[in-house]
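A.B. asks: coords below, sequence missing:
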C-alpha cells in the first residue's frame, strides 16, 4: 500500500471518531443544570479585596491611649500605602501592611496629645491641629494640668522636627501658662492653601469659662513660633462655656464659618451657635464676625465632631450634632441636622437673639443617644451623608443619608435612611467620601478599642456585609481618631475654588 493510500485510510478512521467524541462531550455538558455549568466555568469566588487607592489617599490623625483615659497619649498619623506598611491587619490579627502608622511625638515638654483634627491643603499635604498637655502641672494650682494648641504639617523632605526621619514639623501655635488651649479644635483651608484653626481656650478648674478662638498664619502675628501666627478671640461670654465642640470650614467665596457649642444657652443647658466672618460690623470677634444662635432645644450642639459642618454645591450650610430629647437624660438623644434655609424655618435667631426662622432644624435618628461625634459630607449627587455614634448599648456606628419622599427607615425622619456599620465601643467617629462617592469611616472596635476603618464595599460588616471593616492599628486603645480626610476629595474641593 502506498503512503498516500495509507494516509487516506487513517483519516477516514479518525474523522468519525473525533465527531463521536465531540458529540459525547456536548451531550454531557448540556445534561447539567445551568447552575452546574456556571460552577464549571468559575475558577474562583468573587474577590472582596480591599480597594487599592493611590498611596497616601487617606490620612488619619489619632492619639492612642494605652491607659484608657490617662496620659500619655502620643499623636499618630496613619496613611494607606497598600504594601510594605507597618500596620493594617486581617481578621485573624496578622499584619497585612497596607497602612503606615507613625508616632509624631511632637514636643518633649508635652506628655499628652489628643483632641486632634486633620485636613489636606491644595497640594494634598496633611496638616493636624491637636492639644498638647504640659508634662508639668500648673504651678500653685493644686497640680491641675494645662496645655497648648499644637500644629503639625508633613514636609516633602526630612528637615522637620518630629515624626520618623523628621518628616513632620510640629509647633506650638497658642499657649498661655495655666490655661487649657486647643483641647477641642478643627482645621480647614481656603482656596490659597492658608490654614485656619478654630479652637477652645479654657480657664483651669471645673468652673473655668471657655472662649472660642481662631488662628491662622500671619507674618508679624501675636502667637506661634517667632510670631508667625495670629490668634484672636472669636466669641467670649464672661463666666460661660462657649466654643467647645467646634467645626470650621471655608466656602468657595473665602468666607470662614464656625459651628460651636454654648453650654449655658437654650433648653436643658446648651445651644448650637454659628459664626461667620463678615470683616466689619459684626457682633463678636472685634466686629469681624457675626455670632448667632441657631438651635436652643435640648442641649443641642453637644458632642459634635471637628467635621460636623459642611456646605453643599449650592452654598447651603449644614450642621450635625447630638441633641438630648425629653426627658433630657443622658440615656436619650438624637442626631440633629440644622440646615440654612433663609426663611420659613423652625429655628435660627438674629444678632439680638430674636427668632427669625432662617434655619430648619430636625431630628434624623432618635435612638440610643444618637448623634455623638457626628460628621457630614456631600456626595457627587449633592446628597448629605452623616456618620455618628449611638452611645448607649450596643454602641453602634451609624450612617445616615438623605433619600427624600419618606422612602427611608430612620426614626422619626423617614426622609433619611439609616444603617448600622458595626457595633463598636467607640469614643470618636469620623467619616468622609472617597472621590465624593465611597463612604469611609474610622472608629474604635467594641472589644479592643483598636483603630478601625470601614469602607462601603462588599466585605465583612454592615447590614448585608456591604461594608469592609479592617483594624489599622492594634495598639491598645488606639481607636481615638478625630479626623479622616482623603487626598482626592480635598484636591477636588480645592480645584473647585
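C.D. replies: Thanks, I have it. All values reported here derive from a predicted model rather than from experimental measurement.
A.B. asks: quick one, what contacts the closest residue to residue 87 other than its chain neighbours?
C.D. replies: Leaving aside its chain neighbours, residue 87 sits nearest to residue 101 (4.0 Å; criterion: CB to CB, 6 or more residues apart in numbering). In this view, the C-beta of every residue, glycine as well, is placed from N, C-alpha and C. Residues near residue 101 by CB atoms under 8 Å, 6 or more residues apart in numbering: 76-78, 85-87, 472-473.
A.B. asks: Make sure residue 130 is actually in contact with residue 152.
C.D. replies: Yes: contact between residue 130 and residue 152 holds when scored by CB atoms under 8 Å: they sit 7.0 Å apart.
A.B. asks: Could you check which of these two is surrounded by more residues?
C.D. replies: More crowded of residue 130 and residue 152, by other CB atoms under 10 Å: residue 130, with 32 against 25.
A.B. asks: where's that one, which helix or strand?
C.D. replies: strand 126-134 (DSSP states H and E).
A.B. asks: ok so, going back, which of the contacts of residue 101 lies closest to residue 285?
C.D. replies: Among those, residue 77 lies closest to residue 285 (CB to CB), at 31.2 Å.
A.B. asks: residues touching the closest one, list them.
C.D. replies: Here residue 77 is in contact with 59-61, 101-102, 104, 118, 126, 128, 152, 154, 163, 168 (CB under 8 Å, 6+ apart).
A.B. asks: Most neighbours among these, please name it.
C.D. replies: residue 61 (30 neighbours).
A.B. asks: and the gap between it and residue 381?
C.D. replies: 29 Å (CB to CB, to the nearest Å).
A.B. asks: do residue 438 as well
C.D. replies: Counting by CB to CB, the gap from residue 438 to residue 381 is 13 Å.
A.B. asks: how about the strands in the stretch 251-400 of the chain?
C.D. replies: 256-262, 271-277, 289-295, 309-311, 317-323, 334-340, 347-349, 355-366, 372-378, 384-389, 396-402 (DSSP state E, counting those that start in this stretch).
A.B. asks: Would you reformat those as TSV and include distance to residue 185?
C.D. replies: Converted to TSV, the strands of the stretch 251-400 of the chain look like this (distance: least, CB to CB, whole Å):
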stretch	distance to residue 185
strand 256-262	11
strand 271-277	15
strand 289-295	17
strand 309-311	14
strand 317-323	17
strand 334-340	21
strand 347-349	26
strand 355-366	25
strand 372-378	14
strand 384-389	19
strand 396-402	23
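A.B. asks: Redo the ones you listed as CSV? Include mean neighbour count, mean pLDDT and distance to residue 415.
C.D. replies: Listed next are the strands of the stretch 251-400 of the chain as CSV, based on neighbours: other CB atoms under 10 Å; pLDDT from 0 to 100; distance: least, CB to CB, whole Å:
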stretch, mean neighbour count, mean pLDDT, distance to residue 415
strand 256-262, 25, 95, 22
strand 271-277, 24, 95, 20
strand 289-295, 23, 95, 18
strand 309-311, 22, 95, 18
strand 317-323, 27, 92, 14
strand 334-340, 25, 94, 10
strand 347-349, 22, 96, 17
strand 355-366, 19, 95, 8
strand 372-378, 25, 88, 15
strand 384-389, 26, 90, 11
strand 396-402, 24, 91, 6
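A.B. asks: What residues of whichever helix or strand comes after the strand holding residue 130 count as buried?
C.D. replies: The helix or strand immediately downstream of strand 126-134 is strand 147-154, counting by DSSP H and E. Under the neighbour-count criterion of 16 or more other CB atoms under 10 Å, strand 147-154 has 147-152, 154 buried.
A.B. asks: Over to stretch 122-135?
C.D. replies: 122, 124-134.
A.B. asks: Could you give the average pLDDT over that stretch?
C.D. replies: Computed over stretch 122-135, the mean pLDDT rounds to 85.
A.B. asks: Quick one: distance of that stretch to the chain centre.
C.D. replies: Centroid displacement of stretch 122-135 relative to its chain, using CA atoms, centre = their mean, to the nearest Å, is 15 Å.
A.B. asks: again with stretch 374-381
C.D. replies: Centre to centre, stretch against its chain (CA atoms, centre = their mean), the figure for stretch 374-381 is 11 Å.
A.B. asks: any low-confidence regions in the stretch 1-150 of the chain?
C.D. replies: Across the stretch 1-150 of the chain, residues meeting the criterion (pLDDT under 70) sit at 1-52, 64-73, 106-114, 135-136, 140-144.
A.B. asks: List of residues touching stretch 258-271?
C.D. replies: 186, 198, 210, 212, 214, 234-235, 237, 240-248, 272-276, 293-302, 304, 308-309, 319, 321, 324, 328.
A.B. asks: end to end, how far does that stretch reach?
C.D. replies: 14 Å (CA to CA, to the nearest Å).
A.B. asks: related to what we said a few turns ago, what is the nearest of the contacts of residue 101 to residue 465?
C.D. replies: Of the contacts of residue 101, the one sitting nearest to residue 465 (CB to CB) turns out to be residue 472, at 19.8 Å.
A.B. asks: Identify the residues contacting the helix or strand hosting the closest one?
C.D. replies: Per DSSP H and E, residue 472 falls inside strand 468-473. Contact with strand 468-473 is made by 48, 50, 60, 62, 64, 76, 78, 87-90, 93, 96, 99, 101, 421-422, 442, 445, 450-455, 457-461, 478-479, as judged by CB under 8 Å, 6+ apart.
A.B. asks: quick one, that strand and strand 396-402 angle?
C.D. replies: 130 degrees (axes from the mean of the first three to the mean of the last three CA atoms, to 10 degrees).
A.B. asks: Poorly predicted segments of the stretch 351-497 of the chain, please.
C.D. replies: Ranges of the stretch 351-497 of the chain meeting pLDDT under 70: 368, 392-394, 425-428, 435, 446, 476-497.
A.B. asks: can you give me the helices for it?
C.D. replies: Taking DSSP state H, counting those that start in this stretch as the test, the helices found in the stretch 351-497 of the chain are 487-496.
A.B. asks: dump the residue contacts of the residue nearest to residue 342 when sequence neighbours are not counted.
C.D. replies: Closest residue to residue 342 apart from its sequence neighbours, by CB to CB, 6+ apart: residue 358 at 5.5 Å. Counting by CB under 8 Å, 6+ apart, residue 358 touches 340-343, 345, 348.
A.B. asks: re the thing from before, show the buried residues in the contacts of strand 468-473.
C.D. replies: Buried among the contacts of strand 468-473 (16+ other CB under 10 Å): 50, 60, 62, 64, 76, 78, 87-89, 96, 99, 101, 421-422, 442, 445, 450-455, 457, 459, 461, 478-479.
A.B. asks: Please name whichever of the strands of the stretch 251-400 of the chain is nearest to residue 430.
C.D. replies: strand 372-378 (5.4 Å).
A.B. asks: Which other helices and strands does that closest one contact?
C.D. replies: strand 309-311, strand 317-323, strand 384-389, strand 430-434 (3 or more CB pairs under 8 Å, 6 or more residues apart in numbering; DSSP states H and E).
A.B. asks: Redo those strands as JSON lines? Include distance to residue 372.
C.D. replies: Converted to JSON lines, these look like this (distance: least, CB to CB, whole Å):
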{"stretch": "strand 309-311", "distance to residue 372": "16"}
{"stretch": "strand 317-323", "distance to residue 372": "5"}
{"stretch": "strand 384-389", "distance to residue 372": "4"}
{"stretch": "strand 430-434", "distance to residue 372": "12"}
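A.B. asks: just how off-centre is stretch 408-422 within its chain?
C.D. replies: Between the centre of stretch 408-422 and the centre of its chain there are 19 Å (CA atoms, centre = their mean).
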